[in-house]
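Undergrad: dropping the sequence and predicted coords here.
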Amino acid sequence: MAARRRPPSFAEVVEAVKAAPADPPPFDLLGPGGRGFRLVTKGVSAEDAFVVAQGGAILGWDACGCNGDCGYRWFDEADVARMVAAGRPKILHKRNWDGAITHLRSDDGGSLLLVKSPVRWGEHLD
């Protein structure tokens, strides 16, 4: 008679789960309403951000420069249209703190600009 194989112990199951590769997140960022966005470009120039905004985009404002750890202030397409009317953004550098803009896109083609302070855009950001 063949020996029956014993089922794995709980500790063995836990180790197997820990050792398994994690699935990559389906999106780089979840925006307003849980809409998923994937990275297009980090370090977008003011000119390129302006062009993306002209095409209709939403914007996430990182006012403290923490890369969103404390959340973003969201601006919808109408808010961004008012920013575009004010002209191009100005990416600033203050002491050891550099402003930055990142472009992300959703699967349906919508654009999102993540703006990390210090950036000035009309009277809306800074």
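TA: Happy to help now that I have it. Residues are numbered from 1 along each chain as shown.
Undergrad: contacts, neighbours, all on C-alpha from now
TA: Noted.
Undergrad: what about this protein, any weak spots by pLDDT?
TA: 1-2, 24-25 (pLDDT under 70).
Undergrad: can you give me the strands in it?
TA: Secondary structure of the chain by DSSP state E: the strands cover 29-30, 36-41, 57-62, 73-75, 90-91, 93-94, 97-98, 100-105, 111-116, 119-120.
Undergrad: for the most centrally placed residue in the chain, give me its contacts.
TA: By C-alpha atoms, centre = their mean, the chain has its centre lying nearest to Leu29, at 4.3 Å. Residues near Leu29 by C-alpha atoms under 8 Å, 6 or more residues apart in numbering: 36-38.
Undergrad: about what we covered before: deepest of the strands of the chain, which one?
TA: strand 111-116 (a mean of 26; mean count of other C-alpha atoms under 10 Å).
Undergrad: mind listing what that one pairs with, with the direction of each?
TA: Sheet pairing of strand 111-116 (DSSP bridges) gives strand 57-62 (parallel), strand 100-105 (antiparallel).
Undergrad: could you find the closest non-adjacent residue to Ala86?
TA: Leaving aside its sequence neighbours, Ala86 sits nearest to Gly122 (C-alpha to C-alpha, 6 or more residues apart in numbering; 5.0 Å).
Undergrad: ok, Pro32 next?
TA: In this structure, Pro32 finds its nearest non-sequential neighbour in Trp74, 7.3 Å apart by C-alpha to C-alpha, 6+ apart.
Undergrad: so that neighbour bridges to which residues?
TA: Counting by DSSP bridges, Trp74 is bridged to Gly60.
Undergrad: from here on, call the first residue 551.
TA: Sure thing, new numbering starts at 551, so read that last one as Trp624.
Undergrad: perfect, that will be all.
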